[in-house]
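S.K.: show me the folded form of this:
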Amino acid sequence: MKIDLTGRIALVTGATGDLGRVMVRTLAECGADVVINYHSNEKKAKELLEEVLAIGKRGILCKGDITKMEDILNMKEKVLHEFGTIDILVATAVIQYNWKNILEQSPEDYLSQFNSCVMQSVYLAKAFVPIMIEKNYGRIIGINTECSMQAFVTQSAYVAGKRGMDGIYRVLAKEIGEHQITVNQVAPGWTISERDRDAHSEHNEGYEKAVPLKRRGTDQEIANVVAFLASDLSSFITGAYIPVSGGNVMPGI
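M.R.: Numbers count the residues shown, from 1 in each chain. Alright, predicted model coming up:
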């Protein structure tokens, strides 16, 4: 048994980010053709596209702001023109900001998280779900965070945005499940990425001490779960919030 995405078309938003780029590579390695969405890092986007093409898969670049419906619709038109359909949506993009206490955090930061977590999810659904409904198939995967369960100090804007996203995904899973479209969330812990490897900052004793597996996860381990949820192996999983955090957070029952 293996993850086989041959013939599937996947769109990854925020594809040039620390986690997004590994997801692009992994989905392509599993056989998918990939739509690489980016906001401003054109250099990294082109490098990713070269990697996808080098392993014999098709790929296209879609520059766009995921907080704007117009940009999402432009992406839709390009995807339909190039590939004719969409099978897999992976919503990775999120606006970065400096975390502060609630009394110090600016209202604009809360709005940025609402727009990049909640509204991105709504815009993507409005643009691409009708295509999935037509063919009675689809995989929608949102990248959430362990922070949604932690609710630690200074996390308020991020947690608010991701918890709002959680609500959208759970309702969407119920609304479109009859069309055999699954809607799930992957919630990474504090993940080791290329940035950490370059800076030799892979370890943090204080964080790792609290994690049952006593280590930080890797970007590849996050991408592996995304690939599984994108495949037919996950065909009876929907509405799930799946922490990939070494047990650092555990949803209750």
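
S.K.: switch to C-alpha atoms for all contacts and neighbour counts from now on
M.R.: Will do.

S.K.: can you pull out the strands in the protein?
M.R.: Assigned by DSSP state E, the strands in the chain fall at 9-13, 33-38, 59-63, 88-91, 138-143, 181-188, 241-244.

S.K.: and M1, what pLDDT?
M.R.: For M1, the pLDDT comes out at 84.

S.K.: re the thing from before, make CSV out of the strands of the chain and add mean neighbour count, mean pLDDT and distance to D198.
M.R.: Listed next are the strands of the chain as CSV, based on neighbours: other C-alpha atoms under 10 Å; pLDDT from 0 to 100; distance: least, C-alpha to C-alpha, whole Å:
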stretch, mean neighbour count, mean pLDDT, distance to D198
strand 9-13, 26, 98, 24
strand 33-38, 26, 98, 22
strand 59-63, 22, 98, 26
strand 88-91, 26, 98, 25
strand 138-143, 26, 98, 24
strand 181-188, 26, 98, 20
strand 241-244, 21, 98, 23
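
S.K.: contacting residues for L213?
M.R.: Residues in contact with L213 (C-alpha atoms under 8 Å, 6 or more residues apart in numbering) are 246-247.

S.K.: how far away is it from G247?
M.R.: Distance, L213 to G247, by C-alpha to C-alpha, to the nearest Å: 7 Å.

S.K.: check K46 too.
M.R.: 36 Å.

S.K.: do L53 as well
M.R.: Note on L53: its distance to G247, by C-alpha to C-alpha, is 36 Å.

S.K.: do the same with E202
M.R.: In this view, E202 and G247 are 18 Å apart by C-alpha to C-alpha.

S.K.: again, but for V129
M.R.: From V129 to G247 the distance is 32 Å (C-alpha to C-alpha).

S.K.: who's more crowded, these two?
M.R.: Counting neighbours by other C-alpha atoms under 10 Å for V129 and for G247 shows that V129 has the greater number, 22 against 15.

S.K.: switch the strands of the chain over to TSV; also include distance to E70.
M.R.: Shown next, in TSV, are the strands of the chain (distance: least, C-alpha to C-alpha, whole Å):
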stretch	distance to E70
strand 9-13	15
strand 33-38	14
strand 59-63	12
strand 88-91	17
strand 138-143	20
strand 181-188	23
strand 241-244	29
